[in-house]
Every structure is written in structure tokens, then in C-alpha cells.
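Q: Give me a 3D structure for the following:
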Amino acid sequence: MQEHAERYLSSGGKEGHIYTVSPPGYGELQVPSLLLTTTGRKSGEKYIFPLFYGTAGKGWFVVASKGGAPEHPGWYRNLLADPMAEVRVGTETAQVRARTATGAEREALWQQALTFWPPYADYAKKTTREIPVVVLDPV
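A: Alright, predicted model coming up:
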């Protein structure tokens, strides 16, 4: 993950925005990725996370799957404490406000997420929590 973020940053977003990976049980996938910068809920420091994403209106969305782990990923907990963040999508950067999608919006975005990263369905089966879908609205 750190190598991916470093390549993304060092190239100015020209590399790393399409991530090629072969998850177990799937063929090679080329997945769009962005860099999400959050503020640490305890430390107040900035943290960068490369995440797969889809588009939602004029913004983006990401999935807080943590591979189906029982707890939410740290970046999602950071956003719950402070929803203001920054994204780098390719060569573009934007300030965003994060919000957790619910209801029909969540379901539509979840279905979209399964098209670019089918393993999300496997992750959902591994956990009892509802995996959050997080919309990143530009501000």
C-alpha cells in the first residue's frame, strides 16, 4: 500500500491511478484508485490511503471494507471524527467532505463497486457489519 501511494505521489498522479492486481479467485483486474488524505482522529496528523473508487455525482465514493474484517478501517474512523479530507484522483486534487451513504444510494453505489472490485461481495460475507460506502463530495 505504501509503495502504491509513493508511486502515485512521485509521478504526480500519472502512475498508480489504475491499479493492476490479481486477487485470489479472480483474474487480473485493473481498478481505479485515488489517494485519500485524512486527519488522524487521535494524532491530528495527516495520513494517506490509496483506495479503489467509483464516481458519485460530481464526487467519488470509496468502500470501507478492510477485507471483511470485523472492525472499520482506520481511515473511515478518521472520517467519522473529521469528515473534511483531500483526494488525489490522477493528476487532480480536491478538498472533500465525506459522508456515509445510506438506503437506496448506498445500494446503488455498492452495486457499482462490485463492478470494479468483485471481491467486495466476498468481504461482505466474512463480516457481520454492514460495510460502509463513503461518498466524497467536493467542497
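
Q: how close does Leu34 sit to Gly25?
A: As judged by Cβ to Cβ, to the nearest Å, Leu34 and Gly25 stand 25 Å apart. Bear in mind the C-beta positions are built from the backbone N, C-alpha and C, glycine included.

Q: Who has more neighbours out of those two?
A: Leu34 (23 against 8; other Cβ atoms under 10 Å).

Q: buried set for the lowest-mean-pLDDT helix or strand in the chain?
A: Every helix and strand of the chain was ranked by mean pLDDT, DSSP states H and E. The lowest is helix 2-10, at a mean of 84. For helix 2-10, the neighbour count (16 or more other Cβ atoms under 10 Å) marks 4-5, 8 as buried.

Q: before we move on, what about stretch 100-119?
A: Buried residues in stretch 100-119 (16+ other Cβ under 10 Å): 100-101, 105-106, 109-110, 113, 116-117, 119.

Q: Then stretch 54-72?
A: Under the neighbour-count criterion of 16+ other Cβ under 10 Å, stretch 54-72 has 54, 56, 59-66, 68, 72 buried.

Q: farthest pair in those residues?
A: Farthest pair in the buried residues of stretch 54-72 (Cβ to Cβ) is Gly59 and Gly68. Separation: 25.3 Å.

Q: quick one: the strands in this protein?
A: In the chain, the strands defined using DSSP state E lie at 18-21, 29-39, 46-52, 54-56, 59-63, 84-89, 92-100, 133-138.

Q: about what we covered before: for the least confident helix or strand of the chain, which helices and strands make contact with it?
A: Contacts defined by 3 or more Cβ pairs under 8 Å, 6 or more residues apart in numbering; DSSP states H and E place helix 2-10 against strand 29-39, strand 46-52.

Q: Run the chain-centre distance for the shortest one.
A: Taking Cα atoms, centre = their mean, to the nearest Å, one finds the center of strand 46-52 at 8 Å from the center of the full chain.

Q: Fine by me, thanks again.
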